[in-house]
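Novice: Here's my sequence, what's the structure:
(one chain, ligands or ions: 1)
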Amino acid sequence: MGTIGSTDALTDVHAGDPYPVYAWLRESEPVYRCRTGAYLLTRYTDCRRVLTERACFLAPGPLRPSAGTAGACAPVLSRVMSAQNPPRHTRMRAAVARRFVEHVRGQQPWVSRLCDRLLDGVVERLRYGVADMSPLAEAFARDTIMHVLGLPQGDRERLCALVSDIFPTSGPLPGQECDGAVAMRQLTDYLHGQVARRRRAPGDDLMSELVEAHTACPEALPHEELVSILTGLTVAGYPQIAAGIETGIVLMIRHPKWAVFLDDAAGARMFVEEVLRYDAPVQFTPAPRIPARTVVLSGVTIPAGAHLWPVLGAANRDPGVFTRPDAFWPGRGGARHLSFGGGAHYCLGAELVYLEMVMLLRRLRQRLPDLAQARPPAQRVGRLRGFTSVAVRRAEADRHDR
Ligand code: HEM
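Specialist: Alright, predicted model coming up:
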């Protein structure tokens, strides 16, 4: 690890296994100044503090979109919710949070049918050999958020292409620009069109309800904020869950003694919590926090206006807070992980994440209790964890073949 001071921690974090680098940072440079001038925070108490003390640690506020996103999409992008402060953030969050949870709960039977249908396909494929679980995770997460929002399922190929250009699975890291300007413009144009469609012909989906709220009181939910919320939910709505499901499947196969937690609902929730702690699907918050005045964190003085990035994956493995932090141990109890951030910007999609991860992992265990790894899974690197491929087979089938 001796090279870390001479390279940049971000480059190392980008490598396949960031946890040794995190451990070094937490111990030796818990407030690490990157070449970009941003600070990485790796201790749990520092991360928690900047996430929850809103009076002192602000979000960046309205963003200045890059040149490629000028035009009608610029006001939408400048209002990305995770970057806003009160009163705009409070207003946007109030417009969507309760409605989102109600729609997620109301769509549970639909999600359940989708889950069974996708698993039918996997069971069938496994009769003939190996199946890759990564496309299943993505299809489950993608079709679910499209259905909750009310986006036509026929548009999925187009949306997938846009989301993967906007949110490349391997990046970007803090301080790096996301190179998806054109895709972002196309996505916001598309969502403007969907909003117009819903205005003419409302349905019983979340988007229709948000459009109705905007029509009833445009001051409480201005048009740009409405489209910005929809953009955020579309972009954040599935790659992260897919990553969490992929990691859950890999851990379930690697740790059969803990997979029994999936046999009941309470145990499954503990299993999912530990998946989220052990390998946080999102390693950094989407937006930095900015101190309003000079602050001291882990003995380091930080000027007002600096960009602070809580490294959630590092905080979750802090030995000062978690017993045996590098062990996968469902039901461990103790402190709560920071994988959904914290405070006012706590992940808005958490309810959907629990619904999908618990449902899919439980049914997988019920239907395929003898699932085994067919090849080593291919780990994604960067801000988003998860795997690009999780090839599985049935261990029982091997026994029958012998
Ligand atoms: C395993 C999956 C997911 C993880 C690990 C995750 C993680 C996070 C994190 C770390 C934050 C930042 C919190 C902060 O800055 O304090 C966040 C915010 C957010 N997430 Fe998620 N997320 C996931 C899935 C989702 C889904 C499925 C949706 C929507 C359908 C979603 C929507 C949002 C939104 C809108 C915000 C911004 C909230 C705000 O600023 O008030 N996320 N998420």
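
Novice: Now for the residue lying closest to residue 37 once chain neighbours are set aside, how many residues are close by?
Specialist: Spatially, and ignoring its direct neighbours in sequence, residue 37 is nearest to residue 307 (7.1 Å; Cβ to Cβ, 6 or more residues apart in numbering). Placement of C-beta: from N, CA and C, glycine included. Neighbour count of residue 307, defined by other Cβ atoms under 10 Å: 18.

Novice: surely residue 307 meets residue 288?
Specialist: Yes - counting by Cβ atoms under 8 Å, residue 307 does reach residue 288; the two are 4.1 Å apart.

Novice: Any idea how far stretch 379-399 is from the middle of the chain?
Specialist: 19 Å (Cα atoms, centre = their mean, to the nearest Å).

Novice: Show me what counts as buried in that stretch.
Specialist: The neighbour-count check on stretch 379-399 (16 or more other Cβ atoms under 10 Å) flags 379-387, 389-394 as buried.

Novice: And the residue nearest to residue 37, how close does it get to residue 317?
Specialist: Remark: distance between residue 307 and residue 317 (Cβ to Cβ, to the nearest Å) = 23 Å.

Novice: Checking residue 326 next. Helix, strand or coil?
Specialist: coil (DSSP: H, G, I helix; E, B strand; the rest coil).

Novice: contacting residues for it?
Specialist: 19, 317 (Cβ atoms under 8 Å, 6 or more residues apart in numbering).

Novice: before we move on, what about residue 131?
Specialist: Counting by Cβ under 8 Å, 6+ apart, residue 131 touches 122, 125, 391, 392, 393.

Novice: distance of the third one from residue 187?
Specialist: The spacing between residue 391 and residue 187, counted by Cβ to Cβ, is 31 Å.

Novice: just residue 119 next, same as before
Specialist: Applying Cβ to Cβ to residue 119 and residue 187 gives a distance of 30 Å.

Novice: The two: which is more packed in?
Specialist: Using other Cβ under 10 Å, the more surrounded residue of residue 119 and residue 187 is residue 187, with 24 against 18.

Novice: can you give me the strands in the protein?
Specialist: For the chain, the strands defined by DSSP state E occupy 31-33, 39-41, 57-58, 131-132, 290-291, 295-297, 300-302, 308-310, 371-373, 378-379, 387-389, 391-394.

Novice: Just give me the lowest mean pLDDT stretch among the ones you listed.
Specialist: Among those, strand 378-379 carries the lowest mean pLDDT, a mean of 89.

Novice: and that strand, how far from the chain's centre?
Specialist: Strand 378-379 has its average C-alpha position 17 Å from the chain's average C-alpha position, going by Cα atoms, centre = their mean.

Novice: just checking, what packs against it?
Specialist: strand 387-389 (3 or more Cβ pairs under 8 Å, 6 or more residues apart in numbering; DSSP states H and E).

Novice: hmm, who's touching the strand it packs on?
Specialist: 132, 134, 169, 243, 246, 247, 250, 375, 377, 378, 379, 380.

Novice: 10 Å - rerun?
Specialist: Contacts made with strand 387-389 from outside it, assessed by Cβ atoms under 10 Å, 6 or more residues apart in numbering, are listed as 132-135, 137, 169-170, 242-243, 245-247, 249-250, 374-381.

Novice: And stretch 187-198, by the same measure?
Specialist: For stretch 187-198, the external contacting residues (Cβ under 10 Å, 6+ apart) are 69, 71-77, 149-152, 155, 158-159, 162-163, 165-166, 180, 203, 205, 207-212, 214, 223-224, 226-231, 233-235.

Novice: What subset of the residues you listed is buried?
Specialist: Applying 16+ other Cβ under 10 Å to the contacts of stretch 187-198 flags 69, 73-77, 149-151, 159, 162-163, 165-166, 180, 205, 207-211, 214, 224, 226-231, 233-235 as buried.
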